[in-house]
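>>> From the sequence below, what's the structure:
(one chain, ligands or ions: 1)
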Amino acid sequence: MDDNMNPMRIHSIIRFACRLLLGFQSVFLRSRIRTPCLERVRGRYFLVIPEVLNPVVFRSGQYFAEVLADTSLPGPLPEHRESVALDMGTGCGICAVFAAELGYRVVGVDINPFAVRCARINILLNQLEDRIEIKHGDLFGPVSGQSFDLVLFNPPFYRGAPGSNFELAWKSLDVFERFAGGLEGILNQNGRALILLSTDGDADAMLQALGRNGLTVTLAKQKHFGNEIMTIYEIRRPEFQYQ
Ligand SMILES: C[S@@+](CC[C@H](N)C(=O)[O-])C[C@H]1O[C@@H](n2cnc3c(N)ncnc32)[C@H](O)[C@@H]1O
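Sure, this is the predicted structure:
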């Protein structure tokens, strides 16, 4: 094959072009990161403050929310008991809102106190205060003793020590490993987790952490954004039974 047509080479050119485009875009996007701004996703409004990850500018939160809105993945339980969801690292609360729209009662947790305030504002803005509660704390600490039918997590993608509240959204030393270690203990027997990972980051190590904890991982949804691929994985306990 002509070396110029090598798929790896074509892929690198596409990635380079996308990064260039993102560089230009970032000049326009900067104002949406540096000041409070109102984002609209599927008819819902979200106020995002500078210390909190913007789900539209950084795309992952919007993609996760759209997957929840577009698919019945996974819908609430067919039983009469109310299904409960945990939105881990809720940020501005976007996934909590879309899980509530699916019919779940939701608890959102975040370690960033600005995210907690921001999510609470958005729950009120979307008139979902009777279905969503937002708690402050580290991982499963604020929900100890509770168990869930659905757990959502769009984790920090990169390794490193966060140097600010905002950096908690994209950098961590061991958050994913600790999350993987505690997940089985808070999932109901037929509960599932949906986790968003990106090729920008340490996705392989994160998948390995889930495997080490005996959890079953399957690919649920995937989208190519040019410079990165985001994948939503469905995680189940080994004894999960399809209804
Ligand atoms: C990538 S952001 C996702 C935000 C939001 N869910 C979204 O999709 O737009 C990751 C979130 O996890 C939170 N986080 C990081 N470490 C955490 C921890 N140990 N416990 C709880 N939340 C944490 C961050 O503060 C941040 O809001």
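
>>> hey, let's count contacts and neighbours off CA atoms from now on
Will do.

>>> if I look at Ser83, how far off is the ligand?
Per CA to the nearest ligand atom, to the nearest Å, Ser83 is found 20 Å from the ligand.

>>> I'd guessed that residue sits against Arg105; true?
Yes. With contact defined as CA atoms under 8 Å, Ser83 reaches Arg105; the gap is 6.3 Å.

>>> Quick check: the gap between the residue nearest the centre of the chain and the ligand.
What sits nearest the mean C-alpha location of the chain, by CA atoms, centre = their mean, is Asn154, with 2.1 Å. Asn154 is 5 Å from the ligand, where distance means CA to the nearest ligand atom.

>>> At the contact with the ligand, which residues of the protein appear?
53, 55, 60-61, 89-91, 109-112, 115, 137-139, 154-156, 168-170, 175 (CA under 6 Å from any ligand atom).

>>> Apply 5 Å and report the result again.
Contacts of the chain with the ligand, taken as CA under 5 Å from any ligand atom, map to 55, 61, 89-91, 110-112, 138-139, 154-156, 168-169.

>>> just checking, which of the residues you listed belong to strands?
Members of these lying in strands (criterion: DSSP state E): Asp110.

>>> The residue nearest to the centre of the chain touches Ser198, doesn't it?
No. The pair Asn154 / Ser198 is not scored as a contact, 9.6 Å apart, by CA under 8 Å.

>>> Would you give the sheet partners of the longest strand seen in the chain, along with the direction of each?
If you go by DSSP E, the chain has its longest strand at strand 187-198. Here strand 187-198 is paired, per DSSP bridges, with strand 148-153 (parallel), strand 229-236 (antiparallel).

>>> What lies in contact with that strand?
60, 64, 147-155, 157, 203, 228-237, 239-242 (CA atoms under 8 Å, 6 or more residues apart in numbering).
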